[in-house]
Each structure stands twice: as C-alpha cells, then as structure tokens.
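Asker: No letters, just coordinates:
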C-alpha cells in the first residue's frame with residue numbers, strides 16, 4: 001500500500017515560492033498586477049481589464065483546504081446547502097487528538113464511511129455540484145478566469161470561469177472511493193472521475209499541522225486535457241492559449 005507523507009516545512013515553503021514566481025511570470029506576460037491581499041480568496045492576478053485570474057500550476061491544484069472552524073464560521077458556505085454539514089460530519093468522524101486516531105485507525109476509517117457517502121450523495125445533486133465548482137474554483141464570481149501553466153509545454157492556458165464550470169459539471173462523475181486491497185476501506189474519499197480520477201476530496205490525517213482538515217485537489221494535466229478536449233474554440237495570443245469565451249473576452 002502506497003503511503004503519502006506529509007509535506008515538510010521546507011517543501012511547503014518551496015511550493016509557496018514557486019507559486020508566487022508563477023503568478024509574477026503570468027502578471028508580467030499580461031501586464032497585470034499580482035494580488036496577495038486576500039490570502040483566503042482565489043484571486044491571484046488582475047489584468048488590464050480589471051478581470052481576475054486564479055493562476056494554477058504544478059501536478060496537482062489544491063482547490064481548498066478547510067478546517068472545521070472555517071466551515072462553521074464562514075457564511076459564504078451557506079449557499080452550498082447541506083454540503084457544509086456533510087463536510088463537517090466527515091471531519092467530526094475523527095478524534096480531536098491525532099494520537100488517538102493513530103492508535104485505532106480501523107475505528108475512525110469505519111466512522112468516516114457514512115458521512116463521506118453522504119457528501120458524495122449531496123454532490124450528485126446537479127445544482128449543488130454547480131455551486132460547489134463555482135465556489136471552489138472561482139469564489140462564486142470573484143474570479144473570472146482559470147489561468148493554468150501546463151507542465152508539458154510550459155505554456156499558460158486561459159479559460160473563462162463559466163466554461164470551466166459547465167465542462168466539469170457536465171463531464172465529471174461523482175463516486176466514493178473503493179478499497180483496492182484488504183488493508184483499505186471503502187468511502188474514504190469522494191472522487192470526481194472522467195475515465196480516470198480527476199479530483200479527490202478527503203480528510204487530511206497525515207500531519208499534526210493539517211489534521212482534521214478537508215482538502216479538495218484536481219489533477220492538473222487531466223483537468224486541462226478535459227477542458228481543451230471539450231471546449232471547441234481556441235486561439236493563441238501573445239504566447240497564451242485561450243479557449244472558449246476567453247478567446248473573445250481576454251485582451252492585453
């Protein structure tokens with residue numbers, strides 16, 4: 001069984017610096033401004049039209065990482081209906097002390113199954129899934145573009161927010177994870193699939209720092225491939241690849 005290790009503080013710092021350098025690079029290419037005054041938001045760069053870009057890169061995009069407190073206190077999540085309560089229930093399946101979890105993983109992984117299944121069932125509701133994507137990627141209208149640096153060719157791909165939501169909503173299938181061997185458990189994650197797994201939602205237990213936080217991440221290459229495959233129109237400007245409505249809206 002493959003075990004993922006928690007990121008070290010040095011690795012986390014490097015990842016943050018790499019992300020900042022990517023934002024600076026993109027802002028320079030479009031004559032935009034980097035914005036870091038809203039650390040909890042999705043906004044990274046503002047272009048000359050005053051439109052906002054969420055700039056992504058790397059192998060995986062962390063879409064959110066929420067603690068229980070943030071889910072309870074942030075009224076913005078109320079638009080997601082019962083989904084917030086399902087996410088809290090997943091977090092509450094684990095004990096407060098991580099050492100207690102490590103002593104009896106079987107108990108707590110078993111406890112997680114019902115609320116994680118409930119989360120998947122909530123996401124199967126079309127209107128909730130759409131709001132989830134709008135909130136998770138674009139903070140419900142704060143951000144206008146997803147601008148992703150593709151590792152395969154080191155080029156930025158720019159997508160209009162509604163195109164992204166429509167393509168993901170209409171093509172991703174929501175399922176719970178299944179145990180692949182006798183040491184694993186069903187319903188430990190919610191998976192969003194298009195042929196293979198594109199995204200996963202899970203509870204972090206791999207470190208004290210991020211213990212009992214719910215995380216959503218998307219595979220960068222699979223997501224870009226899906227968007228470019230399903231969005232019919234394309235243009236290339238200023239060494240940027242623009243798809244769908246972005247090709248008409250975006251200007252430097």
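Answerer: Sure, I can see it. Bear in mind the structure is a predicted one, so any value in this text is a computation, not a measurement. Residues are numbered from 1 along each chain as shown.
Asker: distance of residue 25 from residue 158?
Answerer: To residue 158, residue 25 is 14 Å away according to Cβ to Cβ, to the nearest Å. Bear in mind the C-beta positions are built from the backbone N, C-alpha and C, glycine included.
Asker: Between these two, which has more neighbouring residues?
Answerer: residue 158 (24 against 16; other Cβ atoms under 10 Å).
Asker: Dead centre of this protein: give me the residue that sits there.
Answerer: In the chain, the residue lying closest to the centroid (Cα atoms, centre = their mean) is residue 63, at 2.3 Å.
Asker: so which helix or strand takes in that residue?
Answerer: Residue 63 is part of strand 60-67, with elements assigned from DSSP states H and E.
Asker: what about the helices in the stretch 1-150 of the chain?
Answerer: For the stretch 1-150 of the chain, the helices defined by DSSP state H, counting those that start in this stretch occupy 9-30, 68-73, 83-92, 98-103, 105-123, 126-138.
Asker: so the fifth one versus helix 83-92, what angle?
Answerer: It refers to helix 105-123. Angle of helix 105-123 versus helix 83-92, following axes from the mean of the first three to the mean of the last three Cα atoms, to 10 degrees, is 170 degrees.
Asker: And for helix 105-123, what's in contact with it?
Answerer: 81-83, 86-87, 89-90, 92-95, 101, 128-129, 132, 174-176, 185-190, 201, 203 (Cβ atoms under 8 Å, 6 or more residues apart in numbering).
Asker: Please apply the same query to the third one.
Answerer: Residues from elsewhere that reach helix 83-92 (Cβ under 8 Å, 6+ apart): 66-68, 71-72, 77-78, 112, 115-116, 118-119, 122-123, 128, 132, 203, 212-214.
Asker: Which positions within that helix qualify as buried?
Answerer: In terms of neighbour count (16 or more other Cβ atoms under 10 Å), helix 83-92 has its buried residues at 83-91.
Asker: next one: the last one
Answerer: Residues of helix 126-138 classed as buried: 128-129, 131-138 (neighbour count, 16+ other Cβ under 10 Å).
Asker: Produce a ChimeraX select command limited to the buried residues of the contacts of helix 83-92.
Answerer: Selecting only the buried entries of those in ChimeraX, with 16+ other Cβ under 10 Å as the criterion:
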select :66,71,77,112,115,116,118,119,122,123,128,132,203,212,213,214
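Asker: Look up how far residue 68 lies from the spatially closest residue to residue 115 that is not a sequence neighbour.
Answerer: Nearest residue to residue 115, sequence neighbours excluded (Cβ to Cβ, 6 or more residues apart in numbering): residue 89, at 3.7 Å. As judged by Cβ to Cβ, residue 89 and residue 68 stand 10 Å apart.
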